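[1] this one's structure only:
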């Protein structure tokens, strides 16, 4: 029996010696380590990866997703009042209510004094000059004041519901008449009715008027939107609105004449 054990031990030792003769001992150690790691990996996979995908759902499927529609501040005027001067369609011509806005960092100023600008009367003479932050200036008749500045432009209010929007662009179009006609398709004002779209002579600039009526709050208004090109890189629009019932009055005519005559573009 002892002989058999000895023989077995001798046989095992012989086999081990034969194996180490063929494969180096270091290689055997490496193989053993790899096998152990493989076993550990299988165990971990079975233990941790046996779900039904619910972890993926909770991480990315059921929670709030980031919005893909983050807005950016507009870099150009977007009110249609500047469309004929080259702006992009945005707020309908005539505006809704006058939106609030912040005064530009290069704050505009209003200076006193009188400028000839019409045929006389309260609406025919500018009593102060408003210097806009964009670089333009305009004479304001009695009772007129700056209201707000926004992406649409600078807004002013006058007596008895009169309004003015001064808008501008650095990419003016070459044909204000054609552009006004193109922009008309975006008009959504209540009871809109076109009066005219026509080329006008305005101080030597390429210009066109878009005149129309609309209703707001039960009141009928009339607007003339004058778009004009000062040069290849600068265009403006003066969008003047008054109650339609007062459109034929001398005060209304003198006011529009004063605003149009005293306007000065950025130098």
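    Cool, the structure landed. If you're wondering where the values come from, they're calculated on a predicted model, not measured in any experiment.

[2] Can you verify my assumption that residue 196 contacts residue 213?
    No - contact between residue 196 and residue 213 fails when scored by Cβ atoms under 8 Å: they sit 11.2 Å apart. Quick note: C-beta positions are derived from backbone N, CA and C, even for glycine.

[3] Which parts of this protein are helices?
    With DSSP state H applied, the chain shows helices at 2-22, 25-48, 54-56, 176-183, 250-262, listed in chain order.

[4] If I average pLDDT within each of those helices, which one is lowest?
    Within those, the stretch with the lowest mean pLDDT is helix 54-56, showing a mean of 35.

[5] Run a quick neighbour tally on residue 236.
    Around residue 236 there are 29 other residues, counting by other Cβ atoms under 10 Å.

[6] What residues are bridge-paired with it?
    residue 168, residue 228 (DSSP bridges).

[7] check contacts around it.
    Listed by Cβ atoms under 8 Å, 6 or more residues apart in numbering, the contact partners of residue 236 are 82, 85, 136, 166-169, 227-228, 230, 263, 265.

[8] do that again at 7 Å, thanks
    The contact partners of residue 236, by Cβ atoms under 7 Å, 6 or more residues apart in numbering, come to 85, 166-168, 228, 230, 265.

[9] nearest to residue 140, of the residues you listed?
    Nearest to residue 140 among these, counting by Cβ to Cβ, is residue 166 at 11.1 Å.

[10] Run through the bridge partners of the nearest residue to the closest one once chain neighbours are set aside.
    Of all residues not flanking residue 166 in the chain, residue 154 sits nearest, at 4.7 Å (Cβ to Cβ, 6 or more residues apart in numbering). Taking DSSP bridges as the rule, residue 154 bridges to residue 149, residue 166.

[11] Just give me the neighbour total for residue 154.
    What residue 154 shows, counting by other Cβ under 10 Å, is a neighbour count of 24.

[12] quick one, what contacts it?
    Residues touching residue 154, when contacts are defined by Cβ under 7 Å, 6+ apart, comprise 132, 146, 166.

[13] distance of it from residue 241?
    Residue 154 sits 14 Å away from residue 241, taking Cβ to Cβ, to the nearest Å as the criterion.

[14] Equivalent analysis for residue 207, please.
    With distances taken as Cβ to Cβ, residue 207 is found 18 Å from residue 241.

[15] Neighbour count: the two, which is higher?
    When residue 207 and residue 241 are compared on other Cβ under 10 Å, the one with more neighbours turns out to be residue 207, at 25 against 22.

[16] That one and residue 147, how far apart?
    Using Cβ to Cβ, one obtains 25 Å as the distance from residue 207 to residue 147.

[17] So which residues of the stretch 151-267 of the chain form strands?
    With DSSP state E, counting those that start in this stretch as the criterion, the stretch 151-267 of the chain has strands at 153-157, 163-169, 193-202, 205-216, 219-231, 234-243.

[18] can you list the ones you listed in CSV and add mean pLDDT and distance to residue 252?
    Putting those into CSV (pLDDT from 0 to 100; distance: least, Cβ to Cβ, whole Å) gives the following:
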stretch, mean pLDDT, distance to residue 252
strand 153-157, 98, 15
strand 163-169, 98, 12
strand 193-202, 98, 14
strand 205-216, 98, 13
strand 219-231, 97, 9
strand 234-243, 98, 5
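
[19] now the end-to-end length of stretch 148-159.
    Criterion Cα to Cα, to the nearest Å; first-to-last residue distance in stretch 148-159 is 16 Å.

[20] same check, this time on stretch 171-178
    Looking at stretch 171-178, the gap from its leading to its trailing residue is 16 Å under the measure Cα to Cα.

[21] How confident is the prediction for residue 125, by pLDDT?
    Residue 125 is assigned 88 on the pLDDT scale.

[22] Looking at strand pairing, list the partners for it.
    Here residue 125, judged by DSSP bridges, has bridge partners residue 116.

[23] same check, this time on the one 5 residues further on
    For residue 130, the beta-bridge partners under DSSP bridges are residue 110, residue 138.
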